[in-house]
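Participant: 3D, please:
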Amino acid sequence: MTKPPNTDTIMALAKVIIAAAWADGEITEDEELSLKDLLWRLPEVHARQWDELAIYLDAPVAADERQRLIAALQAQLSTAEQRELALSKLDELVSADGVVSEQERAVVAEVRAALESADVGLWGSLSRLLIGRRAQATTAAPNREAYLNDFVRNRVYYQLRQQLAAGGVVWDAVSYTHLTLPTSDLV
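Facilitator: Purely as a prediction, here's the structure:
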């Protein structure tokens, strides 16, 4: 009996596919359609799940964050069929726009190797339960989902925060109780 992928597995796969789609610095319309085809497999997608994916569609995914997403997907895979679904969707995505760049080839090879090495079946499930090996390796990797509420409620603030962080500036608007402008700036 084949175990169908659950919502968490499909969401983890969708995030990895988005990360792979960003390999060349852009997501084409064909790549986005391929992703949406994958999401049709979910029985019900809630707004929060769409938001989780939209935050990854919003901006390129760096290598360290991609590694974290791949590790999360590896941890979700429990059958060979789920692994094959992930590999086939990865191949489908990469050929969606008809152009495969060297960056895309490299990222697809990285994801493919990680998925092919994923422990599936009874022993894989047991080792994930007992060890949690991948979670430790990716704890320090960026996780934009930590800012999901900012992304949903105020995208301008989210974008500003991301741009400042990219420049090494940490800004938390919540810690400011008021803003004082110099009187020369007032009209």
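
Participant: since we're on residue 96, how many residues are nearby?
Facilitator: Using other CB atoms under 10 Å, residue 96 is surrounded by 21 other residues. Yep, even glycine has a C-beta here, placed from its N, CA and C like the rest.

Participant: Hmm, it is touching residue 30, no?
Facilitator: Yes: when contacts are counted by CB atoms under 8 Å, residue 96 is listed as touching residue 30 (4.1 Å).

Participant: so where does residue 33 fall, helix or strand?
Facilitator: helix 29-39 (DSSP states H and E).

Participant: and that helix, what other elements does it pack with?
Facilitator: Helix 29-39 makes packing contacts with helix 7-21, helix 47-57, helix 80-94 when contacts are defined by 3 or more CB pairs under 8 Å, 6 or more residues apart in numbering; DSSP states H and E.

Participant: Contacts for the first one, please.
Facilitator: This means helix 7-21. Contacts with helix 7-21, where a contact means CB atoms under 8 Å, 6 or more residues apart in numbering, come from 5, 27-28, 31-32, 34-35, 38-39, 41-43, 49, 52-53, 56-57, 61, 65-66, 69-70, 72-73, 75-78, 82, 85-86, 89-90, 93-94, 104, 107-108, 111.

Participant: Would you point out the helix or strand in the protein whose mean pLDDT is lowest?
Facilitator: Across the helices and strands of the chain, mean pLDDT, DSSP states H and E gives its lowest value to helix 121-130, namely a mean of 46.

Participant: returning to what we had before: any of the contacts of helix 7-21 buried? List them.
Facilitator: Burial of the contacts of helix 7-21 was assessed by neighbour count (16 or more other CB atoms under 10 Å); the buried members are 5, 27, 31-32, 34-35, 38-39, 41-42, 49, 52-53, 56-57, 61, 65-66, 69-70, 72-73, 75-78, 82, 85-86, 89-90, 93-94, 104, 107-108, 111.

Participant: Residue 166: which of the helices and strands packed on helix 29-39 is closest?
Facilitator: Minimum separation from residue 166 across the helices and strands packed on helix 29-39 (CB to CB) falls at helix 47-57, 15.4 Å.

Participant: looking at it, residue 30 is touching residue 98, isn't it?
Facilitator: Yes: with contact defined as CB under 8 Å, residue 30 counts as touching residue 98 (7.5 Å).

Participant: Look at these two and report which has more neighbours.
Facilitator: Higher neighbour count among residue 30 and residue 98: residue 30, with 15 against 7, using other CB under 10 Å.

Participant: contacting residues around the more buried one?
Facilitator: Going by CB under 8 Å, 6+ apart, the list of residues near residue 30 reads 96, 97, 98.
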